[in-house]
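>>> I'd like to go over a predicted model; first the sequence, then the structure.
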Amino acid sequence: MKKEDTRSEGVTSRLSGFHKLPVGERLGTVSRMFKLSGDDTEAMAGGLGLTTDLANTMIENAIGVFTLPLGLGLNLLVNGRDYVVPMVVEEPSVIAAVSFAARIAREGGGFIAEADDPIMIGQVQVTGYGDATEASNKLLAHKEQLLALANSFHPTLVARGGGARDVEVRVLPAPEGPRGEPLLVLHLLIDTQEAMGANLINTMAEGIAPLVEQVTGGKVYLRILSNLSDRRLARSMVRIPVTSLADFDMSGEAIAEGIVQASRFAVADPYRAATHNKGIMNGIDAMAIAAGQDWRAIEAGAHAFASRDGQYRPLSTWTLEEAHLVGRIELPLALGTVGGPIKIHPQVQAALKLLRTTSARELSMVMASVGLAQNFAAVRALGSVGIQKGHMAMHARCVAVTAGARGHWIEQVTNALVKTGQVKVEKAKEILANLMRDAATEAG
Ligand code: NDP
């Protein structure tokens, strides 16, 4: 059977007016553009999603499946390539914001991204080793044996060009004070190729434990990957001409200044940095879920990395450079194109076809760019007119539905709610009741 070509030319993420199309037409547009099969198209729509039987193979005590909205982030240009980004998210305005930001960014050439090799860390905790320096030296002297033993547990990974690469030993102060035994932690650095790697790292870390005990004369306790995957960073950068930022009756300079101030605030204050990073993760998590990634691992890695200098900091910064606003993001992204639910979940499979990425590294470059775009949209609004104006318009739709509006009433109640400036369920109920009463009076 001929392999489906999902990297076909003619794909663009610049789909003007897409948001105004009915849902079915949106799906038809992407299905045609990506030459999706009928099954993939139906999977996208949710018709051929995860079955209870499949769910039962994935987790324990399964009783069903749980669904969330799937939408598309548009306009994203990364390293000169167009990406349509599948995003699973329940929060209104996330997808509109990322698409809007990516549209502005592409006017300046889009995002320039890069990513490290897929090096992950497996940790082995050693106790009862005697002298810490002596034990460390012994472990380092046995590096080649440790690496060979680790690789013997995953010959197929080695055959693919990956495998254990290096050994590092860390001695950490005892948490209970100088009377306690310092922590001796061996790090096994492993190239996990296309896998996120948790399972294969854990296998290797457990596999070398007996040799670590033999070499140090100590006892090994924990043997597991670290989610602070700081050898596997992804970076993205965007340069936006200040003049193209003008909006809300404000000059580009004024908007840029607001964004730079937002960045300074986040660098200085962890209370702000937490919210700044939450905005970044709005995009990253939504893409991670659609692409079948372990988003708890991504979250854990991102926040630990944000605290690496002892204070919790923003994952992205914004500066003014030669009449351009320049945004930069750097964070660990341990992603996979194999493993976990990736080859099992039909919607993940279809989502990966839309993404057209050929490797976990490329996926991480796109994801970092999505995070930076999401952040740009947030700081642009926050540093100028505030976030509520845009957010409330979209939130109003959810409020209208919560208040009981269905079908054509949703649009009418949403518009009326925005006009009143009171986006509240009680207000929406009142508006809906009035509209329905007026309609009944007219009809009768
Ligand atoms: P899997 O063990 O599911 O799959 C990885 C396997 O895929 C490899 O061992 C390899 O097996 C195979 N494979 C096929 N092609 C390739 C390739 N090109 N490159 C690399 N491997 C390839 O997944 P991971 O080891 O990635 O673990 C991820 C899962 O672990 C996620 O579901 C995560 O939620 C979970 N997890 C996470 C933890 C954490 O983050 N703290 C802890 C524990 C689990 P073979 O060589 O045999 O073909």
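Cool, got the structure. Everything numeric here is computed off the predicted structure, so don't read it as measured data.

>>> could you list the low-pLDDT ranges of the chain?
Per-residue confidence for the chain (pLDDT under 70) gives these ranges: 1-9, 390.

>>> correct me, but residue 428 touches residue 397?
No: the pair residue 428 / residue 397 is not scored as a contact, 10.1 Å apart, by Cβ atoms under 8 Å. Any C-beta I mention is one placed from the backbone N, CA and C, and that applies to glycine too.

>>> can you map out the helices along the stretch 101-250 of the chain?
In the stretch 101-250 of the chain, the helices defined using DSSP state H, counting those that start in this stretch lie at 132-141, 143-152, 155-159, 198-216.

>>> quick one: which of residue 428 and residue 397 has more around it?
Higher neighbour count among residue 428 and residue 397: residue 428, with 25 against 20, using other Cβ atoms under 10 Å.

>>> isn't there a helix covering the more buried one?
Yes: membership of residue 428 in a helix is supported by DSSP: H, G, I helix; E, B strand; the rest coil.

>>> list the contacts of it.
396, 399, 400, 402, 403, 405, 413, 417 (Cβ atoms under 8 Å, 6 or more residues apart in numbering).

>>> quick one, phi psi at the spatially closest residue to it that is not a sequence neighbour?
The spatial neighbour of residue 428 that comes closest, neighbours along the chain excluded (Cβ to Cβ, 6 or more residues apart in numbering), is residue 403 at 3.5 Å. Here is the backbone geometry of residue 403 (degrees, to the nearest 10): phi -80, psi 0.

>>> drop anything exposed from the contacts of residue 428.
For these, a burial check counting by 16 or more other Cβ atoms under 10 Å picks out 396, 399, 400, 403, 405, 413, 417.

>>> and these as TSV, adding secondary structure and distance to the ligand?
Below are the buried ones among the contacts of residue 428 laid out as TSV (DSSP: H, G, I helix; E, B strand; the rest coil; distance: Cβ to the nearest ligand atom, whole Å):
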residue	secondary structure	distance to the ligand
396	helix	36
399	helix	35
400	helix	37
403	coil	38
405	coil	39
413	helix	41
417	helix	40
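
>>> I'd like the residues you listed as CSV, with distance to residue 190 appended.
Shown next, in CSV, are these (distance: Cβ to Cβ, whole Å):
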residue, distance to residue 190
396, 49
399, 48
400, 51
403, 53
405, 53
413, 54
417, 53
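
>>> can you give me the helices in the stretch 251-400 of the chain?
Using DSSP H, counting those that start in this stretch, helices in the stretch 251-400 of the chain cover 252-268, 270-290, 295-306, 346-355, 360-382, 388-402.

>>> so which residues on the stretch 251-400 of the chain come close to the ligand?
Applying Cβ under 6 Å from any ligand atom, one finds that the stretch 251-400 of the chain approaches the ligand through 294, 297, 336, 338, 339, 340.

>>> how about a cut-off of 8 Å?
Residues of the stretch 251-400 of the chain lying close to the ligand (Cβ under 8 Å from any ligand atom) are 294, 296, 297, 300, 334, 336, 337, 338, 339, 340, 341.

>>> of these, which is the most crowded?
Among these, residue 334 has the most neighbours (other Cβ under 10 Å), with 30 neighbours.

>>> pretty sure that one is touching residue 194, no?
No: assessed by Cβ under 8 Å, residue 334 is found out of contact with residue 194, at 11.7 Å.

>>> between those two, which contacts overlap?
Contact criterion Cβ under 8 Å, 6+ apart; residues shared by residue 334 and residue 194: residue 118.

>>> hmm, who's touching stretch 376-395?
92-93, 96-98, 100-101, 104-105, 238, 240, 245, 247-248, 250, 254-255, 257-263, 276, 279, 318, 327, 418, 423.

>>> which parts of it are buried?
By neighbour count on 16+ other Cβ under 10 Å, the buried set for stretch 376-395 is 376-385, 387, 390-395.

>>> what comes up buried for the helix or strand hosting residue 57?
Under the criterion DSSP states H and E, the helix or strand holding residue 57 is helix 52-58. Buried residues in helix 52-58, counting neighbours by 16+ other Cβ under 10 Å, are found at residue 55.

>>> I'd like the numbering to begin with 761 instead of 1 from here.
In the new numbering, first residue 761, that becomes helix 812-818.

>>> point out the residues in the stretch 861-1010 of the chain that sit beside the ligand.
Near the ligand, when you scan the stretch 861-1010 of the chain using Cβ under 8 Å from any ligand atom, you find 914, 916-917, 920, 922, 952-963, 984-985, 987.

>>> separate out the buried members of these.
Among those, those scoring as buried are 914, 917, 922, 952-958, 960-961, 985, 987 (criterion: 16+ other Cβ under 10 Å).

>>> can you redo those as TSV with distance to residue 796?
What follows is these, written out as TSV (distance: Cβ to Cβ, whole Å):
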residue	distance to residue 796
914	34
917	32
922	31
952	29
953	27
954	23
955	26
956	25
957	29
958	30
960	31
961	34
985	34
987	34
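
>>> now, the residues you listed that are in strands?
With DSSP state E as the criterion, strands contain residue 985 from among those.

>>> and the end-to-end length of stretch 984-1003?
Using Cα to Cα, to the nearest Å, the end-to-end distance of stretch 984-1003 comes to 50 Å.

>>> ok, the residue nearest the centre of the chain - contacts?
Compute the mean C-alpha point of the chain, and by Cα atoms, centre = their mean the closest residue is residue 1044, 2.1 Å away. Residue 1044 is in contact with 1055, 1058, 1062, 1093, 1127, 1128, 1130, 1131, 1134, counting by Cβ under 8 Å, 6+ apart.

>>> kindly recompute the last result at 10 Å.
Residue 1044 is in contact with 847, 994, 1037, 1053, 1055, 1058-1059, 1062, 1075, 1089, 1091, 1093, 1127-1128, 1130-1132, 1134-1135, counting by Cβ atoms under 10 Å, 6 or more residues apart in numbering.
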